[in-house]
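Q: sequence and predicted structure are below.
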Amino acid sequence: MRGRKRVAANERGVAALEFVLMLPFVLMVMFGIVDVSLLLCDKAVITNAAGEAARQGVVLSVPRASASSIQKIALSYTQNGLVTGGTATTPTITVVPGACPSTTGTGNTLQVTVTYTYQGLVLGSTLSALTGPVTITASAVKYCE
């Protein structure tokens with residue numbers, strides 16, 4: 001009987017040691033999954049912002065939407081949707097050409113590109129300190145009406 005009790009106590013100690021050794025790796029994987037999920041969420045937000053701004057820029061209106069109004073649309077779309085772990089950065093929005101031309105036809109397109117610097121939340125902020133921040137870009141091209 002004594003032998004069995006001693007073996008059971010030793011097995012509990014081995015299980016505790018294995019748990020202590022594996023816990024940091026499991027936590028790193030879990031926090032890595034969270035960071036990648038937030039990065040993909042931000043990618044979806046800026047993709048939608050570029051598409052929405054391009055759609056508003058090509059809709060026939062009098063007067064035509066200017067580059068600054070198209071940029072404001074994209075910025076307002078991203079304002080409450082982006083997730084960051086550190087200092088919030090403002091996305092950069094470029095509109096090419098500045099607005100839709102007054103004539104419609106083939107080849108008249110409007111391109112809106114949104115570039116955002118993701119800082120990371122948990123592991124991403126530590127990794128960003130070593131390798132630099134991750135820059136994500138989304139672009140939308142639409143034909144002018």
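A: Now that the structure is in, tell me what you want to look at.
Q: need the contact list for the most centrally placed residue in the chain.
A: The structure's the chain has its C-alpha centroid closest to D42; by CA atoms, centre = their mean the separation is 2.4 Å. Each residue near D42 by CB atoms under 8 Å, 6 or more residues apart in numbering is listed here: 82-84, 116, 118, 136. Every C-beta, even on glycine, is put in place using the N, C-alpha and C of the backbone.
Q: tell me which of these fall in strands.
A: 116, 118, 136 (DSSP state E).
Q: let me see the contact set for the first one.
A: Residues in contact with Y116, defined by CB under 8 Å, 6+ apart, are 42, 46, 78, 82, 89, 91-92, 135-137.
Q: next helix or strand past the strand or helix carrying M30?
A: M30 belongs to helix 2-58 when elements are defined using DSSP states H and E. Later in the chain than helix 2-58, the nearest helix or strand by DSSP H and E is helix 67-79.
Q: from the contact counts, what lies against that next one?
A: helix 2-58, strand 92-96, strand 109-118 (3 or more CB pairs under 8 Å, 6 or more residues apart in numbering; DSSP states H and E).
Q: quickly compare the ones you listed and say which is most buried.
A: For the helices and strands packed on helix 67-79, the largest average neighbour count (mean count of other CB atoms under 10 Å) is found in strand 109-118, namely a mean of 21.
Q: strand partners of it, parallel vs antiparallel please.
A: In the sheet, strand 109-118 lines up against strand 92-96 (antiparallel), strand 134-143 (antiparallel) (DSSP bridges).
Q: on that earlier part again, got CSV for the helices and strands packed on helix 67-79, with distance to E145 and mean pLDDT too?
A: Shown next, in CSV, are the helices and strands packed on helix 67-79 (distance: least, CB to CB, whole Å; pLDDT from 0 to 100):
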stretch, distance to E145, mean pLDDT
helix 2-58, 6, 84
strand 92-96, 16, 92
strand 109-118, 10, 92
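Q: A67 is nearest to which of these?
A: strand 92-96 (4.3 Å; CB to CB).
Q: report the inter-axis angle for the closest one versus helix 67-79.
A: Using axes from the mean of the first three to the mean of the last three CA atoms, to 10 degrees, the inter-axis angle of strand 92-96 relative to helix 67-79 is 140 degrees.
Q: contact partners of strand 92-96?
A: Under CB under 8 Å, 6+ apart, the answer for strand 92-96 is 50, 53, 57, 67, 70-71, 74-75, 110-116.
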